[in-house]
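Trainee: sequence? don't have it. structure:
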């Protein structure tokens, strides 16, 4: 389902997989996010007869991660879900293209290709084959 969402006074077109799942999986400009709607928003949604897209839901950040790893910023490539790194296909200094596969993460016996969401140069690779990673953990960083 496509909806328009306002975040910090900016309007985004968002593709939402299932508004009733928790967390809600939203794709914005090709980037996948987990959204945790506030309880008040859920109650309003269930009482309303208007389409969900008529009123953007307020969102809150996902629960804080344990301190054993840092979480990302725009220069970082982060793990979209917890799992085990089974392949690392780039090294520091590599120039990469948008969509290029950077590493492979295995979760629930499925291999997930982690791809670049932009072009750039890899500054650091923070994981090795066999590493257990958590959701949001930094896998690698771009130079800028």
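Mentor: Yep, that arrived. Everything quoted here is computed from the prediction, not taken from an experiment.

Trainee: can you list the domain ranges for the chain.
Mentor: 2-60, 76-142 (automatic domain parsing).

Trainee: Could you give the average pLDDT over the shortest one?
Mentor: Over the span of domain 2-60, the pLDDT mean works out to 64.

Trainee: again, but for the last one
Mentor: Averaged across domain 76-142, the pLDDT comes to 93.

Trainee: Over to it now: how far is its first residue from its last?
Mentor: Taking CA to CA, to the nearest Å, domain 76-142 runs 6 Å from one end to the other.

Trainee: cool, and stretch 106-117?
Mentor: By CA to CA, the extent of stretch 106-117 from end to end equals 19 Å.

Trainee: Contacts for that stretch, please.
Mentor: Residues from elsewhere that reach stretch 106-117 (CB atoms under 8 Å, 6 or more residues apart in numbering): 30-31, 77, 79-86, 96-105, 139. The way it works is simple: take the backbone N, C-alpha and C, and place the C-beta from them, glycine included.

Trainee: What segments of the protein are helices?
Mentor: In the chain, helices defined by DSSP state H lie at 39-47, listed in chain order.

Trainee: Would you mind finding the most buried of the domains of the chain?
Mentor: domain 76-142 (a mean of 16; mean count of other CB atoms under 10 Å).

Trainee: Run through the bridge partners of the nearest residue to residue 101 once chain neighbours are set aside.
Mentor: Once flanking residues are discounted, residue 101 sits nearest to residue 113: 4.8 Å by CB to CB, 6 or more residues apart in numbering. Beta-bridge partners of residue 113, counted by DSSP bridges, are residue 104.

Trainee: How much space separates residue 113 from residue 95?
Mentor: Going from residue 113 to residue 95 by CB to CB, to the nearest Å gives 19 Å.

Trainee: Let me see the ranges of the strands in this protein.
Mentor: For the chain, the strands defined by DSSP state E occupy 2-7, 10-16, 24-28, 31-37, 59-60, 76-78, 83-88, 95-96, 101-107, 110-115, 120-125, 132-133, 138-142.
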